[in-house]
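Student: predicted model and sequence below, questions to follow.
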Amino acid sequence: MGRAAYFTFDMTPAPTSVVLSARAFERTITRMADEIIERNDGTDRLLLVGIQRRGVQIAARIAALITARESVEVPLGALDITLYRDDLQTVGPRPVVGKTHLPVAIEGLNVVIVDDVLFTGRTIRAALDELADFGRPARVSLAVLVDRGGRELPIQPDVVGKHVEVPIGSRVDVCVAELDGKDEVLLVATEAL
Amino acid sequence: MTSPLGKDLLGLEHLTAEQINLILDTAEPLREISERTIKKVPTLRGATIVNLFFEASTRTRISFEFAEKRMSADTVNVAPAASSVSKGETLVDTARNLEAMRIDMVVIRHGSSGAARFLAERIESNVINAGDGTHEHPTQGLLDMLTLRQKFGSLVGKKICICGDVLHSRVARSNIWGLTKLGAEVAVCGPRSLLPNAIHEMGVQVFDRIEQAIEWADALNILRLQLERMQAGYIPSLREYNRVFGVTRERLERAPRDLLILHPGPMNRGVEIDSDVADGPHSVILEQVTNGVAVRMAVLYLLAGNSPRLAEAAKGGA
């Protein structure tokens, strides 16, 4: 997609603005990693759990940053919340189920749930329910790269990369190098409105 | 709101490779649920499933029941001997009465080929075929494929030989349909009296000798020899069957490669399969059982919510 895309007539071009560039992205998760260490009094008993899909990559990135800074391996898990969604009766076709994997027993650990965008809070509600089926952590906190507001449940993040005001009819796209070729956060106007 | 599988799972013959892969891809992550402390997800909370088993079954019924419970569905088992079926009630009347009590799914095993389809066309609930006569046993075929796919990565070009009583086997039929759709090469091996006449039309090779099958194949799926086949005159004796078609360690040691050994159970040790083989390093028989629960959870997940009543209820609540 270059500038030329704005001159094609087949589709309405979506005005897109960059919320986080690759460099800002890196700075942001570095700060998030620091805040996570601070909030959990170090790295003992720490477990990072990324939510499928892009939360997993962001969690892995944060884990690597913590390892670089503190010279310790932080256990890293992945949670797929599809089977805990509250809208399975109304969405269709059936959403694809991803992999859930927790490398250690979560009993007594400080679990940090990591996700890319926090919006309604429904995903996090599902994640908390799923986590409870694995055991009883000492503490669960929430770290998100982008908080875009719009909560429908009483759920708030503990560590936030960036607050974004999202106008009606727009959405936040998070790209990570592992899946999308580069790190970037974009504000994209959807065509419908 | 439509399921990618449609309303029912009646067999693999009419599914596409895409649909089969969707079931297998969904089953894969579901295996992990059975490893948890709390082996349960809330996905099918509020759904009621009736297991309607007109034929004896331990493994399949228990596997379905575990799958249903691990998805949080409410389940009821109906055994015909202890129900009004023994008083002469027809299949459709039984099912309609169950539907009148607001059920969502029926898992049916029946001695007559086509019973699952017959029921599916007459009731609103999702119907899952757990084996109908000599027709199909789709979830068994799927769990065999999941097991093979885990070992081989892909089924494309893999050589799978189904050994034994293919004529009476719904497992064989579901395997042949499913495996060929996913690109595997399929053969059958057994006494001519136990192979269907038109077997070539299903696109499979035929081996008359188990040694040829072992030399050719990457995996053997060894069917149970129903002991009553001997009384019916299909084979001279169990001992002779074992001598000619039994899968033994000696025979496998002569194979050019290691063969995976599958068996849908229950096994007749010393007839179609020797204990050395059943318990040997290349046997995946118990993995099949583990995969069976995951495959059935996947099918429940993909079909559920596709019933019109649940959709209505969801709309009303929204």
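Tutor: Looks like it arrived, so ask away.
Student: residue 189: neighbouring residues, count only.
Tutor: Since you didn't name a chain, this refers to chain A. By the measure other CB atoms under 10 Å in any protein chain shown, the count of residues near residue A:189 is 16. Any C-beta I mention is one placed from the backbone N, CA and C, and that applies to glycine too.
Student: was after chain B, sorry
Tutor: As a burial measure, residue B:189 scores 26 neighbours (other CB under 10 Å).
Student: ok, residue A:152 next?
Tutor: Number of residues near residue A:152 (other CB under 10 Å) recorded here: 10.
Student: what do you get for the one 4 residues further on?
Tutor: Burial measure for residue A:156: 12 neighbouring residues, criterion other CB under 10 Å.
Student: secondary structure class for it?
Tutor: Going by DSSP: H, G, I helix; E, B strand; the rest coil, the secondary structure assigned to residue A:156 is coil.
Student: do residue B:34 as well
Tutor: The three-state assignment at residue B:34 reads helix, by three-state DSSP.
Student: what about it, distance to residue A:41?
Tutor: Separation of residue B:34 from residue A:41 (CB to CB, to the nearest Å) stands at 36 Å.
Student: can you tell me the closest non-neighbouring residue to the most centrally placed residue in chain B?
Tutor: In chain B, the centroid-proximal residue (CA atoms, centre = their mean) is residue B:140; its distance is 1.6 Å. Leaving aside its sequence neighbours, residue B:140 sits nearest to residue B:171 (CB to CB, 6 or more residues apart in numbering or on different chains; 5.0 Å).
Student: just the buried residues of stretch B:281-298, please?
Tutor: Buried residues in stretch B:281-298, counted by 16 or more other CB atoms under 10 Å in any protein chain shown: B:283-285, B:287-298.
Student: now do the helices in chain A.
Tutor: A:22-39, A:54-70, A:122-132, A:177-180 (DSSP state H).
Student: who's in contact with the first one?
Tutor: Meaning helix A:22-39. Residues outside helix A:22-39 that contact it (CB atoms under 8 Å, 6 or more residues apart in numbering or on different chains): A:20, A:43, A:46, A:48, A:58, A:61-62, A:65-66, A:69-70, A:112, A:141, A:143, A:145, A:158-159, A:161-162, A:182-185.
Student: narrow these to those that are buried.
Tutor: Buried subset of those (neighbour count, 16+ other CB under 10 Å): A:20, A:43, A:46, A:48, A:58, A:61-62, A:65-66, A:112, A:141, A:143, A:145, A:158-159, A:161-162, A:183-185.
Student: out of those residues, name the ones that lie in strands.
Tutor: Among the buried ones among the contacts of helix A:22-39, the ones falling in strands (DSSP state E) are A:20, A:46, A:48, A:112, A:141, A:143, A:145, A:159, A:161, A:162, A:184, A:185.
Student: put together CSV for the residues you listed, with distance to residue B:105 and pLDDT on each row.
Tutor: Output for those, formatted as CSV (distance: CB to CB, whole Å; pLDDT from 0 to 100):
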residue, distance to residue B:105, pLDDT
A:20, 46, 96
A:46, 43, 97
A:48, 38, 98
A:112, 39, 98
A:141, 39, 98
A:143, 40, 98
A:145, 40, 98
A:159, 43, 98
A:161, 44, 97
A:162, 45, 97
A:184, 44, 96
A:185, 43, 96
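Student: next SSE after the helix or strand where the residue nearest to the centre of chain B lies?
Tutor: Residue B:140 is part of helix B:138-152 when elements are defined by DSSP states H and E. Downstream of helix B:138-152, the next assigned helix or strand under DSSP H and E is strand B:159-163.
Student: tally of neighbours for residue A:120?
Tutor: Using other CB under 10 Å, the number of residues around residue A:120 comes to 14.
Student: may I ask you to confirm that it is in contact with residue A:149?
Tutor: No - Residue A:120 is beyond contact range of residue A:149, at 9.9 Å (criterion: CB atoms under 8 Å).
Student: just so I have it, where are all the strands in chain B?
Tutor: Assigned by DSSP E, chain B shows strands spanning B:48-53, B:74-78, B:105-110, B:126-132, B:159-163, B:185-189, B:205-207, B:219-222, B:260-262.
Student: chain A: which of the ones you listed is closest?
Tutor: strand B:126-132 (12.7 Å; CB to the nearest CB).
Student: any idea of the mean pLDDT in the closest one?
Tutor: Mean pLDDT, strand B:126-132: 97.
Student: quick one: residues contacting residue A:47.
Tutor: Neighbour list for residue A:47: A:74, A:75, A:76, A:77, A:102, A:104, A:106, A:109, A:110, A:111, A:112, A:137 [criterion: CB under 8 Å, 6+ apart].
Student: so which of the residues you listed belong to strands?
Tutor: Residues of the contacts of residue A:47 located in strands (DSSP E): A:76, A:77, A:110, A:111, A:112.
Student: right, and the last one touches residue A:141 too?
Tutor: What it means is residue A:112. Yes - using CB under 8 Å, residue A:112 makes contact with residue A:141 at a distance of 5.3 Å.
Student: and the helices in the stretch 1-150 of chain B?
Tutor: Per DSSP state H, counting those that start in this stretch, the stretch 1-150 of chain B carries helices over the ranges B:17-30, B:59-70, B:91-100, B:115-120, B:138-152.
Student: who touches the first one?
Tutor: With CB under 8 Å, 6+ apart as the test, helix B:17-30 has contacts from A:80, A:94, A:96-100, B:4-5, B:12, B:142, B:145-146, B:149, B:178, B:181-183, B:291, B:294-295, B:297-299, B:301-302.
Student: and it with helix B:138-152, angle?
Tutor: Taking axes from the mean of the first three to the mean of the last three CA atoms, to 10 degrees, one finds that helix B:17-30 is oriented at 70 degrees with respect to helix B:138-152.
Student: equivalent analysis for the second one, please.
Tutor: Per the same axes, to 10 degrees, the angle that helix B:59-70 makes with helix B:138-152 is 80 degrees.
Student: in helix B:59-70, what counts as buried?
Tutor: Buried residues in helix B:59-70, counted by 16+ other CB under 10 Å: B:60, B:61, B:63, B:64, B:65, B:66, B:67, B:68, B:69, B:70.
Student: of residue B:34 and residue A:41, who's got more company?
Tutor: residue B:34 (15 against 10).
Student: skipping adjacent residues, who's closest to the more buried one in space?
Tutor: Closest residue in space to residue B:34, ignoring its immediate chain neighbours: residue B:293 at 6.0 Å, by CB to CB, 6+ apart.
Student: so the one you found makes contact with residue B:65?
Tutor: No - at 9.6 Å, residue B:293 does not count as touching residue B:65 under the criterion of CB under 8 Å.
Student: residue contacts, residue 45?
Tutor: Going with chain A. By CB under 8 Å, 6+ apart, the residues touching residue A:45 are A:108, A:109, A:110, A:138.
Student: sorry, should have said chain B
Tutor: In this structure, residue B:45 makes contact with B:72, B:73, judged by CB under 8 Å, 6+ apart.
Student: and the gap between it and residue B:69?
Tutor: Separation of residue B:45 from residue B:69 (CB to CB): 12 Å.
Student: thank you, goodbye.
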